[in-house]
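Undergrad: Quick one, fold the following:
(4 chains)
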2 protein chains.
Amino acid sequence: MKNLKMKFARMERNLSQIELAKKVGVTRQTIGMIEAGDYNPTLKLCIAICRELGKTLDDLFWEEDRNNEEEKNVYG
Amino acid sequence: MKNLKMKFARMERNLSQIELAKKVGVTRQTIGMIEAGDYNPTLKLCIAICRELGKTLDDLFWEEDRNNEEEKNVYG
DNA sequence: ACGAAATGTCAATTATATTTTGCATTTATA
DNA sequence: TATAAATGCAAAATATAATTGACATTTCGT
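TA: Below you'll find the predicted structure:
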């Protein structure tokens, strides 16, 4: 599902996908795909994004209730 | 650096690396390397481990103070 | 001390995250 | 309305997470 929490945190800081991507050392496509969901970033990229946006992992990447999830994969 | 928080959380649940690996759908080597540090798991694997151990991402994978970190990489 | 289970580690392979390039679409602003 | 910036999307290539198999070492109960 879409990661709106990350998208909103980025917009709060007035950063474009391109700017955030540059700050954390990836391409804008990677940022776009994470916000669009259906993507599985690495832990260290998640941490880099959190630190850039002033949030924690739980703030941006943790979902308390997984019953309504839309996607399933090997780790789901 | 070593992820002792994850190791202790696993031991609290009386799970071997082999048992935890089977529960989250990876091999024991993957679990071992995450606990040993110098490794960069995917977000969904981290989430699967958290749910199996009754912890959150911040509990197991977030470090408040990054000044004393030992390792550096592209995302550091 | 002994044996079994658990863990550490390494090389080679496979699966997949991320990049690169390119173009289409949307959004904001003059 | 027009123009540029921002975003969505997709195929092919590259980087790296994860597997597999094998053996060494540690840990722990008997």
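
Undergrad: Can you pull the residues of chain A lying near DNA strand D?
TA: Residues of chain A lying close to DNA strand D by CB under 7 Å from any atom of the strand are A:Ser16, A:Gln17, A:Ile18, A:Arg28, A:Gln29, A:Gly32, A:Glu35, A:Ala36, A:Thr42. For the C-beta atoms, the positions are set from N, CA and C on the backbone; glycine is no exception.

Undergrad: can you give me the helices for chain A?
TA: Using DSSP state H, the helices assigned to chain A run over residues A:4-12, A:17-24, A:28-36, A:43-53, A:57-61.

Undergrad: ok, how many other residues are close to A:Ser16?
TA: When neighbours are counted by other CB atoms under 10 Å in any protein chain shown, A:Ser16 registers 12.

Undergrad: Revised request: answer the last question for A:Trp62.
TA: By other CB under 10 Å, 17 other residues sit near A:Trp62.

Undergrad: which residues touch A:Thr27?
TA: A:Thr27 makes contacts with A:Ala21, as judged by CB atoms under 8 Å, 6 or more residues apart in numbering or on different chains.
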